[in-house]
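Chemist: Build the 3D model from these lines:
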Amino acid sequence: MTGKSFPNICTIEDIKLHIQQTHRNPNIGATHQITLKDGPRAYHIATVFEILDPVEQRTHHYSLRVDKYSKKRDGWVEYPPHCVWIATEPEELPKLFRFLQTIVEGDAPEATGKYRIINEKRYQRFEEAVKVFEQADSSEKFRLMKALLQEIERTPYASSDLSAVLAESNGGLLQSISVSARMIKYRTSYNEFSSLVEHSCSDETMMQKILAANPWLFGSEYSELLDRRAWTRDNKLDFMLRRTIDDYLEIVEIKTPFSDPLMIYDKSHDSYHPSAKLSSVIGQVIRYIEEVERQRDHILAYDNFDTLKIRARIIIGRDGNPDQQRAFHNLNAHLHGVEVLTFDQLLRIGKRILSLFQTEMDAGDNSRLRNSIEEDAAL
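Modeler: Predicted coordinates for the structure are as follows:
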């Protein structure tokens, strides 16, 4: 298969000009050409096009084209199958250059495998950095690690490369990294939740989502988060928790951290009573409990969950003043099968768990947080 033909009177410069004119990209800057093979019959011409950024008009990348022509008595003949383009990504041509340079200079390894070509000066700097790291004390190494992580974040990298590096580390280090990463995630989630509470977030769905994603905020006495919204007629059940101690289930109803008092003072009787909002939610979860208890056999048969002695937990509102808190505590003491928690109480539970995890990490005992990580992975 041959391409376009040119009369015998054409020179090699005419052929080069033709090659330049075949490139239709409107963003071409400078063009560089060299004759790799100069006859007598076969001619190989390499052309490098500078491709400009259409907006900034600066060099974006270079594209390489290699053409083969044959010169016969009756003229020039183009061979399209021997035309090679490298023009898709900015880093392709530099990679090819370094590869060919390594081959020509005899520096390519004989064994097969994946290799990276590093400039000698860069390699020397790399060796110097390794020596500095080896000689640093523990605190200095962590400062260097922090700077290195910040630099990695600013540089594009593939997750597979990061995984390959971590795979070469020992199990203890990987476990420490995993535990530390989970602790950071817990703190971030806690701070996000705390901010929503402090700003009296009125989006009930948002509060449900963050608590569903972080069941550890409910306390260490719970072993499993269950999503069973279809156990009541209106399908509005938020979600359920399984208790670690007795394996019983608890319905969880999540409202919003509004600042209105949960307990209202009645001057005529010198006593406190639940607010209308709180009374409504208590009635709601009592109805949930009754419905789930009536369907116990059905749930046990189809979902394999025993709802015997099921309880409910309500998350609603804020603490209020000391008198309201005492009245709130007294209300909980007289409720049967239902416990009401404020969002402030939930924050204190989360803070206590974080403090406990941090103490265990500092002492080198990561078992509790490691178990939490495994439970999160199973959810």
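
Chemist: can you pull out the helices in the stretch 201-350 of the chain?
Modeler: Per DSSP state H, counting those that start in this stretch, the stretch 201-350 of the chain carries helices over the ranges 204-213, 276-294, 296-303, 322-334, 343-362.

Chemist: check contacts around P7.
Modeler: G75, W76 (C-beta atoms under 8 Å, 6 or more residues apart in numbering). C-betas here are computed from N, CA, C, even on glycine.

Chemist: Low-confidence regions, this structure specifically.
Modeler: By pLDDT under 70, the low-scoring segments of the chain are 1-3, 80-91, 103-120, 123, 157-162, 165-173, 220-224, 226-237, 244-247, 363-379.

Chemist: what about 90?
Modeler: Across the chain, residues meeting the criterion (pLDDT under 90) sit at 1-185, 208, 212-252, 288-311, 353-379.

Chemist: Any chance of CSV for the helices of the stretch 201-350 of the chain, columns distance to R311?
Modeler: Output for the helices of the stretch 201-350 of the chain, formatted as CSV (distance: least, C-beta to C-beta, whole Å):
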stretch, distance to R311
helix 204-213, 17
helix 276-294, 8
helix 296-303, 14
helix 322-334, 12
helix 343-362, 16
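
Chemist: just checking, A46 is part of a strand?
Modeler: Yes - assessed with DSSP: H, G, I helix; E, B strand; the rest coil, A46 lies in a strand.

Chemist: All further residue positions should be reported with the first residue as 154.
Modeler: Renumbered: residue one is now 154, and that last one reads A199.

Chemist: mind listing what it touches?
Modeler: Counting by C-beta under 8 Å, 6+ apart, the residues that A199 touches are Q186, I187, L189, L217, R218, V219.

Chemist: The same query, at a cut-off of 7 Å, please.
Modeler: Shown here is A199, whose contacts under the criterion C-beta atoms under 7 Å, 6 or more residues apart in numbering are Q186, I187, L189, L217, V219.

Chemist: returning to what we had before: I'd like the helices of the stretch 354-503 of the chain as TSV, with mean neighbour count and distance to K284 appended.
Modeler: Formatted as TSV, these follow (neighbours: other C-beta atoms under 10 Å; distance: least, C-beta to C-beta, whole Å):
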stretch	mean neighbour count	distance to K284
helix 357-366	16	44
helix 429-447	16	64
helix 449-456	12	61
helix 475-487	14	60
helix 496-515	16	30
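
Chemist: so which of the ones you listed comes closest to I407?
Modeler: Closest to I407 of the helices of the stretch 354-503 of the chain is helix 357-366 (C-beta to C-beta; 4.9 Å).

Chemist: Next, the angle from the closest one to helix 496-515.
Modeler: Between the axes of helix 357-366 and helix 496-515, defined by axes from the mean of the first three to the mean of the last three C-alpha atoms, to 10 degrees, the angle is 30 degrees.

Chemist: how about the strands in the stretch 154-303 of the chain?
Modeler: 158-159, 181-191, 195-205, 212-225, 228-231, 237-239 (DSSP state E, counting those that start in this stretch).

Chemist: same check, this time on the stretch 304-453 of the chain
Modeler: 375-379, 392-396, 402-407, 416-419, 424-427.

Chemist: Great, nothing more from me.
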